[in-house]
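Participant: here's my sequence, what's the structure:
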Amino acid sequence: MTKPAATSRKKYQLRLFIAGATQRSMNAIQNVRHLCEEQFSGHYQLEIIDIYQQPARACAEQIIVTPTLVKQAPLPVRRFIGDLSDTARVLGGMRHESH
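Facilitator: Here you go, the predicted model:
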């Protein structure tokens, strides 16, 4: 799959909130890492936050369901809930920007 030129210049800042080492959490981590390496290689920062270890972070960002991926940048902020296996939906949402 070819990467659009505009995407390769952006720096994606992502936070993945998980709840422990469940299979669903591990699937989400694997799916988001694969998506990012395939589409944004070298142009993303991924922070994985376990809400059991850092509950204040989940509270501060109003995370009520896990796994939740939060795209902080580029704006607008977007949230994706689930194991992130629907890569077309996630990728479409990541690339959607306000004009």
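
Participant: what's the residue most central in space within the chain in contact with, if anything?
Facilitator: The centroid of the chain falls nearest to Leu69 when counting by Cα atoms, centre = their mean (3.7 Å). By Cβ atoms under 8 Å, 6 or more residues apart in numbering, the contact list for Leu69 reads 14-17, 28, 32, 79-81, 84, 90. Bear in mind the C-beta positions are built from the backbone N, C-alpha and C, glycine included.

Participant: my read is it is in a strand, agree?
Facilitator: Yes - assessed by DSSP: H, G, I helix; E, B strand; the rest coil, Leu69 belongs to a strand.

Participant: against Asp50, how distant is it?
Facilitator: Using Cβ to Cβ, to the nearest Å, we find Leu69 at a distance of 14 Å from Asp50.

Participant: residue boundaries of the strands in this protein?
Facilitator: In the chain, the strands defined using DSSP state E lie at 12-18, 44-50, 68-73, 78-81.
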